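Q: Model the structure of this input:
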Amino acid sequence: GIGAGSKNFEKWPNVVRVILGDRDGGTGGGGAVDTRIPPPTKDVTSHDAATSSLSTTTNDAPHTTTSTSSSSSSPIWNTTTDELTHLQTNIDDTTPEILSYTLTQLLAAGALDAWFAPIVMKKSRPAHTLHALCRAGDEKALLRIIVTETTTLGVRVFRNVERVALRRVVETVDTEWGPVRVKVRLLKDGDGGEEEEESVLGMKAEFDDCREIASRCHVPLRVVTERAVEILKRTYGGGR
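A: Next up, the predicted model:
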């Protein structure tokens with residue numbers, strides 16, 4: 001029989017199932033009794049389908065995964081989809097100076113992006129995961145930098161990683177203190193026809209240019225960045 005208790009537990013149901021039977025070959029005359037509880041009747045087809053393409057990796061073990069999609073066109077708006085390689089490794093015994101230098105070297109060697117994420121490893125050790133995003137042609141050079149500059153024993157490699165990229169342009173504006181480059185993010189909301197106008201999603205002044213002007217002209221950095229964006233907005237007739 002099956003019975004339920006009056007106390008409610010947070011992680012499991014308060015239910016007991018008892019089955020009375022005879023062992024195989026016993027005196028009760030019965031055969032073997034299957035005491036296994038049948039699996040739930042919940043439909044898990046959608047869950048299995050969603051997770052069937054996932055793979056499991058262990059720390060610092062070389063590994064490769066393949067994306068299920070290799071399309072070069074983005075499923076949303078009029079953007080570009082790149083197929084890139086994602087490198088990552090966990091490090092718990094390298095100094096901050098070496099990590100910083102490694103990040104600089106990765107970007108100089110062709111990484112499209114590189115970053116750290118704080119983690120906690122075995123034995124409760126504070127550590128970092130080093131990430132690098134690159135094109136397939138730069139993968140070997142970046143792997144060499146990671147294994148020679150850090151103390152890692154291996155790097156996880158995820159190939160055919162899709163990245164949806166907005167179109168961006170860099171404009172140069174003339175401020176009263178000197179020229180400043182400004183990056184503009186653009187997007188076509190429709191089907192990407194030639195006649196369709198692009199929307200300006202945002203503008204950001206180049207930090208290095210603004211820092212140099214702020215230092216040289218003794219102007220607050222915030223004032224320089226805001227001035228550069230303000231000038232460019234007049235050209236584009238708006239923007240965020």
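Q: Pull out the C-alpha coordinates of the longest strand belonging to the chain and format them as CSV.
A: Longest strand of the chain, by residue count under DSSP state E: strand 80-91. Output of strand 80-91 as CSV, limited to C-alpha atoms (Å, rounded to 0.1, in the frame of the first residue of the first chain):
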residue,chain,number,x,y,z
THR,A,80,25.8,39.3,-39.0
THR,A,81,26.3,35.9,-37.5
ASP,A,82,29.9,34.8,-37.0
GLU,A,83,31.1,31.3,-36.2
LEU,A,84,33.9,31.7,-33.7
THR,A,85,36.0,29.6,-31.2
HIS,A,86,35.6,30.0,-27.5
LEU,A,87,38.6,29.1,-25.4
GLN,A,88,38.4,28.8,-21.6
THR,A,89,40.4,27.4,-18.7
ASN,A,90,40.3,27.6,-14.9
ILE,A,91,43.4,29.0,-13.1
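Q: by contact count, what packs against the next helix or strand after that strand?
A: For strand 80-91, the succeeding helix or strand toward the C-terminus, using DSSP states H and E, is helix 96-108. With contacts taken as 3 or more Cβ pairs under 8 Å, 6 or more residues apart in numbering; DSSP states H and E, helix 96-108 sits against strand 113-121, strand 125-134, helix 139-149. No exception for glycine: its C-beta is placed from N, CA and C like everyone else's.
Q: How about residues contacting helix 96-108?
A: Ile91, Ala114, Trp115, Phe116, His128, Leu130, Ala132, Leu142, Ile145, Ile146, Glu149, Thr150 (Cβ atoms under 8 Å, 6 or more residues apart in numbering).
Q: So what's the residue count around the closest residue to the fifth one other than its chain neighbours?
A: When you say that, I think you mean His128. By the measure of Cβ to Cβ, 6 or more residues apart in numbering, the closest residue to His128 outside its immediate chain neighbours is Phe116, 4.6 Å from it. Using other Cβ atoms under 10 Å, Phe116 has 16 neighbouring residues.
Q: Now do Phe116 against Glu230, distance only.
A: From Phe116 across to Glu230, the span is 34 Å (Cβ to Cβ, to the nearest Å).
Q: Check the secondary structure at Asp22 for me.
A: Three-state call for Asp22 (DSSP: H, G, I helix; E, B strand; the rest coil): coil.
Q: Quick one: neighbours of it, just the number.
A: Asp22, neighbours per other Cβ under 10 Å, totals 13.
Q: Val219 touches Gly178, doesn't it?
A: No. Assessed by Cβ atoms under 8 Å, Val219 is found out of contact with Gly178, at 10.5 Å.
Q: out of those two, which sits in the more crowded spot?
A: Applying other Cβ under 10 Å to Val219 and Gly178 shows that Val219 carries more neighbours, namely 16 against 13.
Q: State the helix or strand in which the more buried one lies.
A: Going by DSSP H and E, Val219 is not part of any helix or strand.
Q: Among the contacts of helix 96-108, the buried ones, what's the PyMOL command?
A: In PyMOL, a selection of the buried entries from the contacts of helix 96-108 looks like this (16 or more other Cβ atoms under 10 Å):
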select buried, resi 91+114+116+128+130+132+142+145+146+149+150
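Q: remind me, longest helix of the chain?
A: The helix that spans the most residues within the chain, counting by DSSP state H, is helix 221-236.
Q: what mean pLDDT does stretch 138-151 have?
A: For stretch 138-151, mean pLDDT rounds to 97.
Q: contacting residues around that stretch?
A: With contacts defined as Cβ under 8 Å, 6+ apart, stretch 138-151 is touched by 85, 87, 89, 91, 93-94, 98-99, 101-102, 105-106, 109-111, 130, 132, 134, 152, 155, 157.
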